[in-house]
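J.: fold the following and give me the result.
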Amino acid sequence: MGSKQYDETADVYDDTLNVLTYARHAEEPTFRAVMGDVRGLDVLDLGAGTGIWTRRIKRAGAGRVEGLEISASMVETARERERGERLGVTYHVGDVARGHEAVETAAFDVVTGVNVLHYSASRDELVAMCRTASRALRPGGRLVANCANYDMPAAPDYYGPFGITATVPRSRVEGATVRAHTTMGGRPVDIEFYLWPPGAYESALREAGFSQVRWHPWRISPEGIAQYGQDYWRRYTEHPPTLVLEAVK
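T.: Okay, the predicted model is just below:
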């Protein structure tokens, strides 16, 4: 999903919290747990979109919080939210793969990347994204991100109960394109991203300057379990669409 399509969905992007059940009940509790206590920490949110996670991080007590996003329309929406809430978050327009002078300062304690890394169309682009994160971090800083599961099921409707369908190549090769479909604000939205095995992510992260990489299991919120049931979420946790990683510089 390139910057043009992000531009076209900026005004309804926050609706993903209503359409994609896992966004609220899996992504949020898992990322919060892996990030840990961010109070007083400086955090950079890569692929910030309209600032959903950027605002969450600031509300959790983080110190300086900035977001980098390729879509100018998304950033404008995020800035509108900031003007309304005045949290003190700064947003920049820029491509994560190319970096941005405002964030390449080795001045952040944590970098987040929610649904960002799997937009890398090549290994070089993947390494470039990881380098942007590495350059932004202080020594010992952490990247917390998720990436598309190379082994996600090929059945297009497997993730249908969670608000999204995906056409996955039956023969897996590195860099294979996945075409997903969902809705935002009642509008149909098509998304393209790429499949890379865990080893490719680990290799790219180490090439970018990270020394440790750890994979984390998904956590489901108690509210999500109460609302949908254990069997519903078992389908998700056994074959998740994305995997969560933590890398230390």
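
J.: hey, let's count contacts and neighbours off CA atoms from now on
T.: Fine.

J.: hmm, residue 96 is touching residue 71, no?
T.: No - taking contacts as CA atoms under 8 Å, residue 96 lies outside contact range of residue 71: 11.0 Å.

J.: and the longest strand along the chain, what does it pack onto?
T.: The single longest strand within the chain, with elements called by DSSP state E, is strand 137-148. Counting by 3 or more CA pairs under 8 Å, 6 or more residues apart in numbering; DSSP states H and E, the packing neighbours recorded for strand 137-148 are helix 28-35, strand 108-113, strand 242-248.

J.: of these, which is nearest residue 221?
T.: helix 28-35 (6.1 Å; CA to CA).

J.: which strands and helices sit next to that closest one?
T.: Packed next to helix 28-35, using 3+ CA pairs under 8 Å, 6+ apart, are strand 137-148.

J.: can you name the next helix or strand after the strand it packs on?
T.: For strand 137-148, the following helix or strand on the C-terminal side (DSSP states H and E) is strand 165-167.

J.: so what does that next one touch, helix or strand wise?
T.: Against strand 165-167 (3+ CA pairs under 8 Å, 6+ apart) you get strand 176-184.

J.: and the strand it packs on, what's its mean pLDDT?
T.: Strand 176-184 shows a mean pLDDT of 93.

J.: after that strand, which helix or strand is next?
T.: Using DSSP H and E, the next helix or strand after strand 176-184 towards the C-terminus is strand 187-195.

J.: could you dump that following strand to CSV, C-alpha only?
T.: Below are the C-alpha coordinates for strand 187-195, written out as CSV (Å, rounded to 0.1, in the frame of the first residue of the first chain):
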residue,chain,number,x,y,z
ARG,A,187,-14.7,1.9,1.9
PRO,A,188,-13.0,-1.2,0.3
VAL,A,189,-9.2,-1.0,0.7
ASP,A,190,-6.6,-3.1,-1.0
ILE,A,191,-3.2,-3.6,0.6
GLU,A,192,0.0,-5.1,-0.8
PHE,A,193,3.0,-6.2,1.2
TYR,A,194,5.8,-8.7,1.0
LEU,A,195,6.8,-12.0,2.6
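
J.: contact partners of that strand?
T.: The contact list for strand 187-195 (CA atoms under 8 Å, 6 or more residues apart in numbering) reads 1, 118-121, 148-150, 173-183.

J.: show me what it pairs with in its sheet, parallel or antiparallel.
T.: strand 176-184 (antiparallel) (DSSP bridges).

J.: report the central residue of this protein.
T.: By CA atoms, centre = their mean, the chain has its centre lying nearest to residue 114, at 1.2 Å.

J.: now that one. Its backbone dihedrals?
T.: Phi and psi for residue 114, reported as degrees, to the nearest 10, are phi -90, psi 110.

J.: ok, it - contacts?
T.: 46, 47, 48, 145, 146.

J.: residue 42 reaches residue 65, doesn't it?
T.: Yes - using CA under 8 Å, residue 42 is in contact with residue 65, at 5.8 Å.
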